[in-house]
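**Q** Sequence and predicted structure are below.
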Amino acid sequence: MSDRRNVTPNDLSAFWMPFTANRQFKKAPRMFVGAKDMHYTTSDGRKVLDGTAGLWCVNAGHCRPKIVAAIAEQAAEMDYAPAFQMGHPKAFELANALVNIAPEGLNHVLYTNSGSESVETALKVALAYHKVKGEGGRFRLIGRERGYHGVNFGGISVGGIVTNRKMFGTLLTGVDHMPHTHTPGANQFTRGERETGADLATELERIVTLHDPSTIAAVIVEPVAGSTGVLIPPKGYLKKLREITKKHGILLIFDEVITGFGRLGTPFAADYFDVIPDMIVCAKGLTNGTIPMGAVMVTSEIHDAFMQGPEHMIEFFHGYTYSGNPVASAAGLATLDTYRDDGLLTRGAEIAQYWEDALHSLKGLPHVIDIRNLGLIGAVELEPIAGSPTKRAFAAFVKAYEEGILIRTTGDIIAMSPPLIISKAQIDELIGKLGGILKTLE
Ligand code: PXG
């Protein structure tokens with residue numbers, strides 16, 4: 001076995017890495033080998049301050065003891081139980097715990113293994129819901145330009161990031177998109193939500209009228225668009241989307257894969273914006289990034305609509321081998337306990353002002369053309385190098401890694417979303433180092 005196909009253990013070629021410039025990476029790899037609380041350890045033994053909670057998921061910080069222990073114990077006690085026609089206690093316990101922290105009315109939980117699968121699940125629930133209600137003519141799904149809803153076919157169809165869509169054929173049919181909410185020139189360097197722009201939501205009314213409301217099943221949006229580079233909704237915008245969808249019997253889905261679990265200083269963005277959707281899609285922070293798991297929370301109205309017909313019949317033909325996996329459920333329960341014990345679902349609210357002030361102190365530094373923030377999310381947009389978009393921000397990312405801070409870049413936008421345990425001194429370190437790096441960029 002030892003020389004099977006002559007592959008050596010440190011050969012990097014076999015792993016085709018996701019959303020990565022593979023050839024560039026493999027020439028100069030960046031490897032993490034350890035993590036604790038706010039820091040990663042690199043393969044060359046350096047500490048890196050985590051400015052992005054991994055990929056927006058490690059909300060409680062790394063390797064939290066309760067979560068680590070729960071995973072180990074569950075793996076030893078019962079590694080797996082069939083997800084269909086069988087149950088195990090922790091999946092039910094976690095669903096109850098989720099419903100307890102969810103906005104009013106979102107009383108039922110479907111499990112998945114990722115944000116992408118949560119999106120697909122929510123879209124399928126929406127279509128099937130109308131069907132079981134006798135409104136099968138509602139087949140259209142509305143997303144938004146620049147929206148990110150994962151990488152599966154439903155998600156890229158309602159999503160609005162061109163690079164993620166253009167290679168993949170016809171996608172889903174019957175999909176339309178609202179305009180995104182970013183209006184450069186009108187809202188640069190706005191702190192938090194901006195006052196103007198809520199009327200962008202009336203574009204939904206126009207689209208609904210165009211197709212006829214009776215053909216529309218659901219509208220899906222990220223309350224704060226993350227992956228596309230942190231776009232904060234204008235004040236009142238989400239409320240208007242809620243009014244329009246309600247008026248026309250259209251389901252509103254919030255994709256809270258990033259905003260869920262305390263990112264805005266409230267358990268969910270629905271709480272922050274005081275807008276209750278019909279479904280919340282989540283993942284990432286659900287298990288603090290440890291074991292893949294996602295969930296869709298739905299209202300009783302949606303759930304109950306399916307609970308008809310003979311009791312021996314399966315009500316919804318959908319689910320995954322790993323829906324509610326025991327080890328993931330144990331990780332989720334320990335994660336929610338950790339959030340509760342440390343007050344993390346609301347800590348963002350306490351530190352958001354400090355975060356905002358620190359971020360906006362970067363205004364005026366070279367190449368900085370915009371800064372945006374909400375809760376513990378922040379973005380610094382750089383002027384692209386003429387003819388070489390993304391290069392400037394990527395150079396900042398590599399320098400940041402070398403200097404001991406982890407940031408994320410998308411296009412020429414630097415995005416940050418630190419674990420919710422970050423201290424003021426660590427915010428100073430993160431922003432201070434980033435400021436220094438910006439001064440050295442070409
Ligand atoms: N919806 C939203 C709003 C997301 O942000 C997904 C769905 C898909 O989740 P999965 O678990 O299938 O990846 C996401 C994921 C980044 C970044 O740096 C963002 C995501 C993933 C990786 C990187 O912007 N968001």
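**A** Arrived safely, thanks for sending. Residues are numbered from 1 along each chain as shown.

**Q** make it CA atoms for all contacts and neighbour counts henceforth
**A** Fine.

**Q** From the recorded domain assignment, give the ranges for this protein.
**A** In terms of domains, the chain is parsed into 4-60+343-440, 67-341 (source: automatic domain parsing).

**Q** Turn these into a markdown table, columns for mean pLDDT and mean neighbour count.
**A** Converted to a markdown table, the domains of the chain look like this (pLDDT from 0 to 100; neighbours: other C-alpha atoms under 10 Å):
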| stretch | mean pLDDT | mean neighbour count |
| --- | --- | --- |
| domain 4-60+343-440 | 96 | 18 |
| domain 67-341 | 97 | 20 |
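
**Q** any chance of these in JSON lines, plus distance to the ligand?
**A** Rendered in JSON lines, the data for the domains of the chain read as follows (distance: least, C-alpha to the nearest ligand atom, whole Å):
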{"stretch": "domain 4-60+343-440", "distance to the ligand": "5"}
{"stretch": "domain 67-341", "distance to the ligand": "3"}
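
**Q** distance between stretch 308-325 and the chain's centre?
**A** Taking C-alpha atoms, centre = their mean, to the nearest Å, one finds stretch 308-325 lying 26 Å from the centre of the chain it belongs to.

**Q** where's Ser157 relative to Leu123, distance?
**A** Separation of Ser157 from Leu123 (C-alpha to C-alpha, to the nearest Å): 11 Å.

**Q** Leaving out chain neighbours, which residue sits closest to Glu315?
**A** Excluding its sequence neighbours, the residue lying closest to Glu315 (C-alpha to C-alpha, 6 or more residues apart in numbering) is Phe306, at 5.9 Å.

**Q** Got the phi and psi for that neighbour?
**A** Backbone torsions for Phe306, taken as degrees, to the nearest 10, come to phi -80, psi -20.

**Q** likewise Gly378?
**A** Dihedral angles (degrees, to the nearest 10) for Gly378: phi -150, psi 150.

**Q** Could you point out the bridge partners of it in the sheet?
**A** Asn373, Met416 (DSSP bridges).

**Q** Next one: it from Glu356, what distance?
**A** Per C-alpha to C-alpha, Gly378 is found 8 Å from Glu356.

**Q** Please apply the same query to Arg340.
**A** Distance, Arg340 to Glu356, using C-alpha to C-alpha: 24 Å.

**Q** just Thr20 next, same as before
**A** Look at Thr20 and Glu356: by C-alpha to C-alpha, they are 30 Å apart.

**Q** you'd agree Arg191 is up against Arg372?
**A** Yes: under the criterion of C-alpha atoms under 8 Å, Arg191 makes contact with Arg372 at 6.4 Å.

**Q** In three-state terms, how would Pro223 be classified?
**A** coil (DSSP: H, G, I helix; E, B strand; the rest coil).

**Q** I'd say the residue nearest to Glu315 and Val132 touch.
**A** Yes: using C-alpha under 8 Å as the test, Phe306 is close enough to Val132 to be in contact (6.6 Å).

**Q** Give me the contacts around stretch 242-256.
**A** Applying C-alpha atoms under 8 Å, 6 or more residues apart in numbering, the external contacts of stretch 242-256 come out as 119, 122, 126, 149, 204-205, 213-214, 216-223, 268-270, 275-283.

**Q** now, which of these lie within strands?
**A** 216-221, 279-282 (DSSP state E).

**Q** Closest one to Arg46 out of the residues you listed, please.
**A** Cys282 (32.5 Å; C-alpha to C-alpha).

**Q** which residues of the stretch 51-200 of the chain fall in helices?
**A** For the stretch 51-200 of the chain, the helices defined by DSSP state H, counting those that start in this stretch cover 53-56, 65-77, 89-101, 115-132, 153-158, 162-165.

**Q** can you put these in a markdown table and add distance to Ser323?
**A** Formatted as a markdown table, the helices of the stretch 51-200 of the chain follow (distance: least, C-alpha to C-alpha, whole Å):
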| stretch | distance to Ser323 |
| --- | --- |
| helix 53-56 | 22 |
| helix 65-77 | 16 |
| helix 89-101 | 9 |
| helix 115-132 | 10 |
| helix 153-158 | 19 |
| helix 162-165 | 26 |
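
**Q** Select, out of those, the one closest to Leu141.
**A** Nearest of the helices of the stretch 51-200 of the chain to Leu141, taken as C-alpha to C-alpha: helix 153-158 at 6.9 Å.

**Q** which helices and strands sit right next to the closest one?
**A** Contacts defined by 3 or more C-alpha pairs under 8 Å, 6 or more residues apart in numbering; DSSP states H and E place helix 153-158 against helix 115-132, strand 140-144, helix 162-165, strand 175-178.

**Q** contacts for that helix?
**A** Contacts for helix 153-158 (C-alpha under 8 Å, 6+ apart): 116, 119-120, 123, 141-144, 147-150, 164-165, 171-172, 175-177, 220.

**Q** now the nearest residue to Val275 once chain neighbours are set aside: how far from Ile216?
**A** Residue nearest to Val275 in three dimensions, not counting chain neighbours: Lys239, with 6.0 Å by C-alpha to C-alpha, 6+ apart. Taking C-alpha to C-alpha as the measure, Lys239 falls 19 Å from Ile216.

**Q** And Ala305, how far from Val298?
**A** Distance from Ala305 to Val298, by C-alpha to C-alpha: 11 Å.

**Q** Contacts only, for the residue nearest to Val275.
**A** Taking C-alpha under 8 Å, 6+ apart, one finds 273-275 in contact with Lys239.

**Q** Out of those residues, list just those in helices.
**A** Using DSSP state H, the subset of these located in helices is Phe273.

**Q** nearest to Pro65, of the contacts of Lys239?
**A** Looking across those and measuring by C-alpha to C-alpha, the closest to Pro65 is Phe273, at 32.6 Å.

**Q** Spatially nearest residue to that closest one, not counting backbone neighbours?
**A** In this structure, Phe273 finds its nearest non-sequential neighbour in Leu238, 7.4 Å apart by C-alpha to C-alpha, 6+ apart.
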